[in-house]
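>>> Here is my input, please return the structure:
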Amino acid sequence: MKKTQTTLWHTSLFVGVCVISLGLSLACAAPPEKKAEKKLTGAELYAINCNRCHAERYPTEFNSGQWQTLMIHMRVRANLPAKQAKEILKYMKEEAGN
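Residues are numbered from 1 along each chain as shown. This is a model prediction of the structure:
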């Protein structure tokens with residue numbers, strides 16, 4: 001009986017040490033790397049966001065200044081983040097051809 005208790009105690013001690021070691025090694029491990037998200041182009045962002053509510057407008061329909069004004073209005077209406085709005089506006093101005 002005494003030998004069984006000693007063996008049980010040693011086994012419990014061994015398992016406890018293993019669990020603690022595992023916990024410490026996980027705590028010290030570097031966090032997993034995030035996958036780099038693909039940066040969407042202005043054209044892709046335009047297609048995703050603007051076509052939700054209305055038919056596609058072509059960049060050549062307005063000049064750069066008009067796109068600037070339209071984008072201020074549409075950014076609020078579509079609740080676009082600033083970075084996305086900037087990319088869309090850049091695309092529209094570049095393609096406006098003026």
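
>>> burial count for I88?
Using other CB atoms under 10 Å, the number of residues around I88 comes to 27. Where C-beta positions appear, they are placed from N, C-alpha and C, glycine not excepted.

>>> Report the mean per-residue pLDDT for the strand or helix carrying it.
I88 belongs to helix 82-96 when elements are defined using DSSP states H and E. Averaged over helix 82-96, pLDDT sits at 93.

>>> I'd like to know which elements that helix is packed against.
The contact analysis (3 or more CB pairs under 8 Å, 6 or more residues apart in numbering; DSSP states H and E) places helix 82-96 against helix 42-49, helix 64-78.

>>> now the shortest one, how far from the chain's geometric center?
In this view, helix 42-49 has its centroid 16 Å away from the chain centroid, taken as CA atoms, centre = their mean, to the nearest Å.

>>> helices and strands around it, which ones?
Using 3+ CB pairs under 8 Å, 6+ apart, helix 42-49 is in contact with helix 82-96.

>>> re the thing from before, residues in contact with the helix holding I88: which ones?
Here helix 82-96 makes contact (CB atoms under 8 Å, 6 or more residues apart in numbering) with 40-43, 45-46, 49-50, 59-60, 62-64, 67-68, 71, 75, 80.

>>> Show me which residues of it are buried.
Going by neighbour count (16 or more other CB atoms under 10 Å), the buried part of helix 82-96 is 84-85, 87-89, 91-93, 96.
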